[in-house]
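Student: Test case, fold it:
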Amino acid sequence: MNNNTASGQAPKIIKGRKPTTRELRLFKLGFDIFKQSPDHADNIAKTLITLITTLITIYISILAFLQVSERASTIQPLWVYAMLIPIFFWIFSIYFNVKVYLPDLTELHLNRPESIQDYMNIVIKDKSKHLTMGGVLFFVGLLSVVFIVLYSSHLASSDLDSSVQFVINEDYLPTFENISIDTNNQTRITTSLTLVEEGDSFYKVRLENGKIIKFNKNMVEGVIYD
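Tutor: Next up, the predicted model:
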């Protein structure tokens, strides 16, 4: 028998009201958002992984095409390693985005509804945390790419604007005389020249009169940067 009834006290009556149509719609909306949150996180993580792998390929291709790393390394050799920083950020971003797909199933008990509820809360929280970390690392990688490309271009341009002297191979001394580049016959070192462009197999320099001269790298034995 209820203690309140036994003691002569009237039982408490809990009065409720029927939810309005608007409230029912909001309840359904909230449930749908809760239910679809894991799938939304998975889709965003999948998109980020695809985008990152594409960006890594494009980034490496741009550096190779523009020969940014080779040119910048002529002044700061360690800067080549700094160019790998965006790739590290993106790799860690991929790691956290992959973690979005790997929920921990050890806490799930299918025979306990409250366990399923708690598990879903944990899954949504973990997916959100990992997705946030992956997104932050993705954008940090993008910002580092912008900085690295701009600074590398600055290094390369400053290198190409600098004055250089070449140590000429003895067999090519007459050739340099013919193309109007003065060379000391004893030291085989040219006068100061302005380096316009450096390729894999050639140098392109500007003479004092503004004339541009291009010659193969195998014609020189060394380069002296002023």
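
Student: what's the burial count for the nearest residue to Tyr172 once chain neighbours are set aside?
Tutor: Nearest non-adjacent residue to Tyr172, counting by C-beta to C-beta, 6 or more residues apart in numbering: Met219, 4.4 Å away. Placement of C-beta: from N, CA and C, glycine included. When counting by other C-beta atoms under 10 Å, one arrives at 16 neighbours for Met219.

Student: Got the confidence number for Met219?
Tutor: Met219 carries a pLDDT score of 90 in this model.

Student: swap in Thr50?
Tutor: 92.

Student: and it, what helix or strand is that in?
Tutor: helix 21-66 (DSSP states H and E).

Student: Helices along this structure, start to end?
Tutor: 3-6, 21-66, 68-73, 79-82, 85-100, 113-160, 173-178 (DSSP state H).

Student: For the last one, buried residues please.
Tutor: With burial defined by 16 or more other C-beta atoms under 10 Å, the residues of helix 173-178 counted as buried are Phe176.

Student: swap in the fifth one?
Tutor: Neighbour-count burial for helix 85-100, counted by 16+ other C-beta under 10 Å, picks out 86-87, 89-90, 92-94, 96-97, 99-100.

Student: between those residues, which is closest to Ser180?
Tutor: Pro86 (44.2 Å; C-beta to C-beta).

Student: Who are the contact partners of that closest one?
Tutor: Residues in contact with Pro86 (C-beta atoms under 8 Å, 6 or more residues apart in numbering) are 59, 141-142, 144-145, 148.

Student: Over to Phe92?
Tutor: Counting by C-beta under 8 Å, 6+ apart, Phe92 has contacts Leu137.

Student: Now do it, the pLDDT please.
Tutor: 94.

Student: Output stretch 182-194 as CSV, restricted to C-alpha atoms.
Tutor: The C-alpha atoms that make up stretch 182-194 are tabulated as CSV, following Å, rounded to 0.1, in the frame of the first residue of the first chain:
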residue,chain,number,x,y,z
ASP,A,182,85.4,38.4,-69.3
THR,A,183,87.4,35.7,-67.5
ASN,A,184,90.7,35.8,-65.6
ASN,A,185,92.9,33.3,-67.6
GLN,A,186,94.9,32.4,-64.5
THR,A,187,92.0,31.8,-62.0
ARG,A,188,89.4,31.0,-64.7
ILE,A,189,86.9,33.1,-62.7
THR,A,190,84.5,35.3,-64.5
THR,A,191,83.6,38.9,-63.6
SER,A,192,80.4,39.4,-61.6
LEU,A,193,77.3,38.5,-63.5
THR,A,194,73.6,38.7,-62.6
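
Student: hmm, back to that, mind checking how far the residue nearest to Tyr172 is from Thr194?
Tutor: Separation of Met219 from Thr194 (C-beta to C-beta, to the nearest Å): 18 Å.

Student: again, but for Met133
Tutor: As defined by C-beta to C-beta, Met133 lies at a distance of 48 Å from Thr194.

Student: Ok, Phe147 next?
Tutor: Counting by C-beta to C-beta, the gap from Phe147 to Thr194 is 28 Å.

Student: cool, and Ile62?
Tutor: With C-beta to C-beta as the criterion, Ile62 and Thr194 are 26 Å apart.

Student: got it, and Tyr101?
Tutor: Distance, Tyr101 to Thr194, by C-beta to C-beta: 55 Å.

Student: can you check Gln165 too?
Tutor: Applying C-beta to C-beta to Gln165 and Thr194 gives a distance of 11 Å.

Student: what's the neighbour count on the nearest residue to Ile87 once chain neighbours are set aside?
Tutor: Once flanking residues are discounted, Ile87 sits nearest to Ile56: 5.9 Å by C-beta to C-beta, 6+ apart. Using other C-beta under 10 Å, Ile56 has 16 other residues around it.
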